[in-house]
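my questions concern the predicted model and sequence given below.
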Amino acid sequence: MSKTRPTIGTDGLALPILPPDRDARVWARLVRVMFYTPGFMGLLLLKTGEPSSFGITIELLMLSSASAIVGGILIGSQTTGGGADAPSQVGTWSGSLVLELLSVVPFLAAIPALFHELAHSTLLHTHAPGAVDIALGASELLPMVAILPFMLYQLAGFGTLNFVVSKPVNWITNIAILFLIVGGYYFYREGDYLMEKRIEAFLVVVMAIVVIHGVLKLIRMQTAYDAHVEPKAAK
């Protein structure tokens, strides 16, 4: 059974509230999934051979895949043994922040357009003589439903972002993610690819800024915690 983490420092002030311990092995497995899955889907989208409809979808998928590697590097730097400093102690938390905001968010933004491209590709689906196209209608929005459990994950306090920003900022950030993803898909379906790219690019820039702020905040919090926590008694 793990010991209760101290809440009051040696100076009598409250210690920073750090995220709970994460299982680095689980996050490392997620790195593999987030590396291969978006890359494979990007290749499928290239296979459709309809570049006028690509928009920024492939770029989002490649960003998701590449960010997973960065997240893996951060998770691999985690250590609490001898010689551990503040950055190495927050490696898993920092890696999870990268995966959550720079891998999962771009992936969720790309999925609706990816599904539409694959469902309507004339190269992947050759029509037999006399075949009738069946309109998918509102069912094309089903892949977008994956955004809802992600929002629940973030707003219910599971996400790492919850520990590096205030609750109002956390809500604003995640609601903005939802509206930007929906807005990007709307302009994609309207054929306004320039506006779609601007919205998705803005989403990525915001996520990058939040990740940088979050990683630096985690390091500062860990430094303050180590400086004021009561030393462990020698065994």
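Cool, got the structure. Numbers count the residues shown, from 1 in each chain.

where does pLDDT dip in the protein?
Low-confidence segments of the chain, defined by pLDDT under 70, span residues 1-3, 45, 47-55, 119-140, 232-235.

and the helices in it?
Secondary structure of the chain (DSSP state H): helices at 24-47, 57-76, 86-89, 91-98, 105-120, 147-155, 167-190, 193-228.

and the angle from the longest one to helix 91-98?
Okay, so that is helix 193-228. Per axes from the mean of the first three to the mean of the last three C-alpha atoms, to 10 degrees, the angle that helix 193-228 makes with helix 91-98 is 160 degrees.

who does helix 193-228 touch, helix- and strand-wise?
The criterion is 3 or more C-beta pairs under 8 Å, 6 or more residues apart in numbering; DSSP states H and E, and the helices and strands that helix 193-228 contacts are helix 57-76, helix 86-89, helix 91-98, helix 105-120, helix 167-190. No exception for glycine: its C-beta is placed from N, CA and C like everyone else's.

nearest to His228, out of the ones you listed?
Smallest distance to His228 across the helices and strands packed on helix 193-228 (C-beta to C-beta): 12.9 Å, for helix 86-89.

show me what that closest one is in contact with.
With contacts defined as C-beta atoms under 8 Å, 6 or more residues apart in numbering, helix 86-89 is touched by Ser77, Gln78, Thr79, Thr80, Ser94, Ile219, Gln222, Thr223, Asp226.

same thing but 7 Å
If you take C-beta atoms under 7 Å, 6 or more residues apart in numbering as the criterion, helix 86-89 is touched by Ser77, Gln78, Thr79, Thr80, Ile219, Gln222, Thr223, Asp226.

number of residues surrounding the fifth one?
Pointing back at Ile219 there. Neighbours of Ile219 under the rule other C-beta atoms under 10 Å: 18.

can you pull the contacts of Ser64?
Shown in contact with Ser64 (C-beta under 7 Å, 6+ apart): Met34, Pro38, Ser103, Pro106, Phe107.

right, I'll call it a day here.
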